[in-house]
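**Student:** let's see this in three dimensions:
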Amino acid sequence: MNPALLHDRDDKDYPRPLKRQKTYYASAENGLLYDRYTIAWICALHFEMAAALAMMDEIHGQLPRLFNDHNTYTLGSIKNHNIVIACLPEGQYGNNHAASVLTDLKRTFPSICHGLMVGIGGGAPGKLDIRLGEIIVGSRVMQYDLGKVMAGGEIRRTATPKIPDHSFGTAVANLRARHEIHPSRVPAILQERMQDQANYHRPSTPDHLFRASYEHDPSMANCQTCDQSQLEQREARRSCEPKIHYGGIASSNQVMKDAVTRDKLAQELDIICFEMEAAGLMDVLPCLPIRGICDYSDSHKAKDWQKYAAAVAAAYAREFLESLPVTGDASRGSWPNARPPEQADLGNRRQQLLESLEFDQIDPRKTTIKTAYSKTCRWFLKHPNYLDWLDSEKRLQHHGFLWIRGKPGAGKSIIMKFIYTKMKKTDIPMKALTVSFFFNARGGLLEKSVSGMYRSLLLQLLEGFPDLQRILDDADLISRNQVTCPPLNVLKDLFRSAVSSLEKRSLTCFVDALDECDEQQVKDMVDRHYPYVDIKSGIRLILEGQDGHIEGLKIYINSHLRIQDPALIDELKQMMLDKAAGVFLWVALVVDILNKEYRRGRLALRKRLQEVPSELSELFKDILTRDQEHMEDLLLSVLWILLAERPLKPGEYYHAIWSGLSLKGLVDPKMPPIKTSDASDCINKCIISSSKGLAEITKAKKPTVQFIHESVRDFLIKDKGLYQLWPELGTDWESQAHETLKLCCNAYVFHETIGKAIDGQQSTEAQSMKNHLLRQFPFLEYASQFVLGHANTAAYKITQQRFISEFPVPNWVRIFNIFEKYKIRKYSQGADILYILADRGYLELIRMRLEVNPGTDGRGGRYRHPLLAAMAKGNKDSVTALLGLSSRIHNGTDITDGLKAK
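**Tutor:** Now for the predicted structure:
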């Protein structure tokens, strides 16, 4: 094992469905064996496979590859069909390669009885009005490049049409008949599975079909200069939803890019689509070709429609499999060679434990760290300390530990991400694995705790080496009855056991930003959990003192400072390096400052640089106070980023700032539109201007608004920057801050515009109403969920009695229920405020409500009474308050000791 690389800090074509897929880890031990798979899903291109993965209900772990099989598979399932997904080798296309892939697949998975060839194809418009992004389902396949050359050069085709087998043919007919009465589910599947994947959405590129005689100019990269008068005249589609066409498909080992030949073959062979793999597959196994149209098989081919076409084809394939009956022993419970029930239960328990290790935002921090600029980090790969750490012969000297130390903002996380990315590429299946955890002080509890770290590292380890999942069966480590996430002490033991079982395999752990975790947790992890390792003897590297790091700062300055005079650049660069003391964040901020001053001339640049403080915290203060304009915006920005119950999405932040300013009459009382063409630009400008450049939109899969660096938070709280900027907040600033956020939420939730919008949507289906409201009022879900939570925190110092007594419960319930996913958790329209407070555990508000009205009756939901709601949720202090007791302790016993949250 290569132990952890630590510091004490201070992949885009693969879409995922909206709902997280279940992941099952297949191995010879847990019963998901080779003969359990009956459907082969073949793709020719990587983005076709990406779309296929997004359609799966479950993703299974890999099975060992047989020695005579050269393919790499992804295993999964849709409904009760277990599926093997295979992609042709990169850069290899055509019928021959497809046949080779399927031949190996069938040998490894002997129960495969049907195949799907799913991906993109070229349309052959003619008798059918086929458009880009529409779906072709092959009723027969003709290989048109197979034949004999006769006298005079005539080619006589010898291939015979291939048709899907009887069971697939009847299933297609059944689904087609259903579509005559009910619309296809393809649009709904795309919405559910691909809505967060912008690259796979319908493109804005126009759907142009040129006349067959008009060829594209090969010197032009696209069709912007093509003669628009040569376009075929076609009726406009009333809907953008993809149509489904059924007909013949032409297959060959050559790409069709000639419209005249296309039309000739289409008429001669009665086909509506061209592709390159189906004929080869159907020589090996009965297959159904499903193609999304990405071009018109002519010289005007472009790639703009490819990913959307792959997505629609995959969506139809999913709908087809949803409707396809499971035959014979293909159901999951009746496989040949299935394990005994008690062993199957053991496998299910393993799966439950693995799923319990996962948590939301398990790995967003790594994605938000900026990628190393150009050559600024390459020096690290040649540093003697790093090379010593890699040297196995020196392992006894440093015990495999490398510590990267440095000041806040020095650039340690960027270095960590750079090295991790490099090393991850060297992973070898079943031999070498690299795992990581990047602590995130701006995230949820598990993102910044040792418990979250162990959960993440253990999950990555058991995913990377599935055979190690046997440790989950060890009763000495974990109770047989345990199916939820184990406590921290058990997680540590499981991780130690897994590492001890590596044998000759290699494991490298990267742990970033230890100082963003609770200090006592880190000390406990290092001092107690590694008693057999003298970590002090590990290799230490202080970033600011490294020549390579200083050279990296120089490279950054040269690349980003917008000054043309080389002599002036050198002068300013040396001044910056002297003041920066190796802190990359300081350099990045000051470069931006100087770029804004550039037009004022050399003297202004020198003067401004001299005025810039050398300490990072003082620089933050200088940035925030240099002008006193828009300080209300800045305060709202700081409070929302510091104290929001969860990080705000960009649109939420935009409307949250507006709501706060609107209360003070500082902005137009009309809500800013969110659906205009320039809305994104307006949101970005709002974030930058309101935070004075110290906040940004993260680059995570689900972007949020955060400070540019954790040191901004440290300045505001630890260095008391918040009190220096706004002394009127006082020492109990958090209560006052939550009061401000409560007022923002309250004003937004009950804004008359929102009430009218909801009234106008009463007849709309619930999910459609929710989507409509979120598009128009992005802050509404957060504001309705957390307005009472902010009031509860404010109540520690600021009375909320009037707020509670005047709170419009029926209106709030109506809005809250729109966003509540589970029907059982929704409140009745006659819900009492006390019931809601008890159900949500808002102790301070409960006490204030009882001071005004001691009665504890109040209905409103599934538990029927406030006391029962508090007991069911395990809110012990709330139960005590509702019982009218001053303490949970009675005669030395905690009377609520038996309460546990359901």
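
**Student:** would you list every one of the helices in the stretch 801-902 of the chain?
**Tutor:** Secondary structure of the stretch 801-902 of the chain (DSSP state H, counting those that start in this stretch): helices at 801-806, 809-819, 833-840, 843-852, 866-873, 876-882.

**Student:** give me the low-pLDDT residue ranges for the stretch 801-902 of the chain?
**Tutor:** Applying pLDDT under 70 to the stretch 801-902 of the chain picks out residues 890-892, 898-902.

**Student:** same question but for the stretch 151-300 of the chain, I mixed them up
**Tutor:** In the stretch 151-300 of the chain (pLDDT under 70), the answer is 151-155, 158-159.

**Student:** can you check the stretch 451-600 of the chain too?
**Tutor:** For the stretch 451-600 of the chain, the stretches with pLDDT under 70 are 514-537.

**Student:** mind checking what secondary structure the residue sitting nearest the centre point of the chain has?
**Tutor:** Among the residues of the chain, the one closest to the centroid is residue 701, at 3.7 Å (CA atoms, centre = their mean). Classification of residue 701 using DSSP: H, G, I helix; E, B strand; the rest coil returns coil.

**Student:** look up how far residue 53 lies from it.
**Tutor:** Separation of residue 701 from residue 53 (CB to CB, to the nearest Å): 15 Å. In this view, the C-beta of every residue, glycine as well, is placed from N, C-alpha and C.

**Student:** on that earlier part again, okay if I get the helices of the stretch 801-902 of the chain as a markdown table plus distance to residue 889?
**Tutor:** Output for the helices of the stretch 801-902 of the chain, formatted as a markdown table (distance: least, CB to CB, whole Å):
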| stretch | distance to residue 889 |
| --- | --- |
| helix 801-806 | 28 |
| helix 809-819 | 33 |
| helix 833-840 | 21 |
| helix 843-852 | 17 |
| helix 866-873 | 18 |
| helix 876-882 | 9 |
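
**Student:** which one of those helices lies nearest to residue 83?
**Tutor:** Among the helices of the stretch 801-902 of the chain, helix 809-819 comes nearest to residue 83, with 34.3 Å by CB to CB.

**Student:** got the angle between the closest one and helix 833-840?
**Tutor:** Helix 809-819 runs at 30 degrees relative to helix 833-840, counting by axes from the mean of the first three to the mean of the last three CA atoms, to 10 degrees.

**Student:** buried set for helix 809-819?
**Tutor:** Using 16 or more other CB atoms under 10 Å as the test for burial, helix 809-819 gives 809, 812-819.

**Student:** now, among these, which is nearest to residue 57?
**Tutor:** Nearest to residue 57 among these, with distances taken as CB to CB, is residue 819, at 25.2 Å.

**Student:** excluding chain neighbours, what is closest to the closest one?
**Tutor:** Using CB to CB, 6 or more residues apart in numbering and skipping residues adjacent in sequence, the residue nearest residue 819 is residue 781, 4.6 Å away.

**Student:** okay, the angle between the host helix or strand of the one you found and helix 833-840?
**Tutor:** Taking DSSP states H and E as the criterion, residue 781 maps to helix 780-794. Relative orientation of helix 780-794 versus helix 833-840 (the same axes, to 10 degrees): 90 degrees.

**Student:** what about residue 137, neighbour count?
**Tutor:** Residues lying near residue 137 (other CB atoms under 10 Å) number 22.

**Student:** ok, it - contacts?
**Tutor:** Going by CB atoms under 8 Å, 6 or more residues apart in numbering, residue 137 touches 172, 244-246, 288-290, 316.

**Student:** now, the most widely separated pair of those residues?
**Tutor:** 245 and 288 (14.2 Å).

**Student:** the more surrounded of those two?
**Tutor:** Shown here are residue 245 and residue 288; by other CB under 10 Å, residue 288 has more neighbours (26 against 19).

**Student:** packing partners for the strand or helix carrying the more buried one?
**Tutor:** Assignment of secondary structure by DSSP H and E places residue 288 within strand 287-295. Packed against strand 287-295, as judged by 3 or more CB pairs under 8 Å, 6 or more residues apart in numbering; DSSP states H and E, are the following elements: strand 114-123, strand 135-143, strand 244-251, strand 271-275, helix 278-282, helix 306-323.

**Student:** tell me how many other residues surround residue 806.
**Tutor:** Quick note: residue 806 (other CB under 10 Å) scores 7 neighbours.

**Student:** same deal with residue 879?
**Tutor:** Using other CB under 10 Å, residue 879 has 23 neighbouring residues.

**Student:** got the contact list for it?
**Tutor:** Taking CB under 8 Å, 6+ apart, we find residue 879 in contact with 867, 870-871, 896, 899.

**Student:** rerun that using 10 Å as the cut-off
**Tutor:** Residue 879 makes contacts with 838, 846, 866-871, 873, 885, 888, 895-896, 899, as judged by CB atoms under 10 Å, 6 or more residues apart in numbering.

**Student:** and for residue 458?
**Tutor:** Applying CB under 10 Å, 6+ apart to residue 458 gives the contacts 353-354, 357, 435, 468, 471-472, 486, 491-492, 494-495, 497-499.

**Student:** likewise residue 662?
**Tutor:** 655, 668-672, 744, 747-748, 751.

**Student:** for it, phi and psi?
**Tutor:** When quoted as degrees, to the nearest 10, the phi and psi of residue 662 stand at phi -60, psi -40.

**Student:** number the residues from 715 up from this point.
**Tutor:** Understood, numbering begins at 715; the last thing we discussed is residue 1376.

**Student:** quick check: pLDDT value at it.
**Tutor:** At residue 1376, the pLDDT value in this model is 91.

**Student:** so residue 1504 touches residue 1462, yeah?
**Tutor:** No: the criterion here is CB atoms under 10 Å, and residue 1504 misses it with residue 1462 at 11.9 Å.

**Student:** between those two, what contacts are shared?
**Tutor:** Common contacts of residue 1504 and residue 1462, defined by CB under 10 Å, 6+ apart, comprise residue 1497.

**Student:** next, residue 756: secondary structure please.
**Tutor:** Taking three-state DSSP, the label given to residue 756 is strand.

**Student:** count of residues packed around it?
**Tutor:** For residue 756, the neighbour count with other CB under 10 Å is 28.

**Student:** thought it was touching residue 814?
**Tutor:** No: assessed by CB under 10 Å, residue 756 is found out of contact with residue 814, at 11.2 Å.

**Student:** can you give me the distance of the spatially closest residue to residue 1489 that is not a sequence neighbour to residue 1365?
**Tutor:** Counting by CB to CB, 6+ apart, residue 1489 lies nearest to residue 1389, which is 6.2 Å off, once chain neighbours are set aside. Distance check for residue 1389 against residue 1365: by CB to CB, it reads 10 Å.

**Student:** can you check residue 1501 too?
**Tutor:** According to CB to CB, residue 1501 and residue 1365 sit 18 Å apart.

**Student:** looking at those two, which is more packed in?
**Tutor:** Shown here are residue 1501 and residue 1365; by other CB under 10 Å, residue 1501 has more neighbours (25 against 19).

**Student:** what residues are up against the more buried one?
**Tutor:** Residue 1501 makes contacts with 1455-1464, 1517, 1521, 1526, 1529-1530, as judged by CB under 10 Å, 6+ apart.

**Student:** for it, which non-adjacent residue is closest in space?
**Tutor:** Using CB to CB, 6+ apart, the closest residue to residue 1501 is residue 1459 (3.8 Å).

**Student:** that neighbour belongs to a helix, doesn't it?
**Tutor:** Yes: counting by three-state DSSP, residue 1459 falls inside a helix.

**Student:** quick check: beta-bridge partners of residue 834?
**Tutor:** Here residue 834 sits in beta bridges with residue 1006, going by DSSP bridges.

**Student:** wait, it touches residue 989, no?
**Tutor:** Yes: using CB under 10 Å, residue 834 makes contact with residue 989 at a distance of 8.0 Å.
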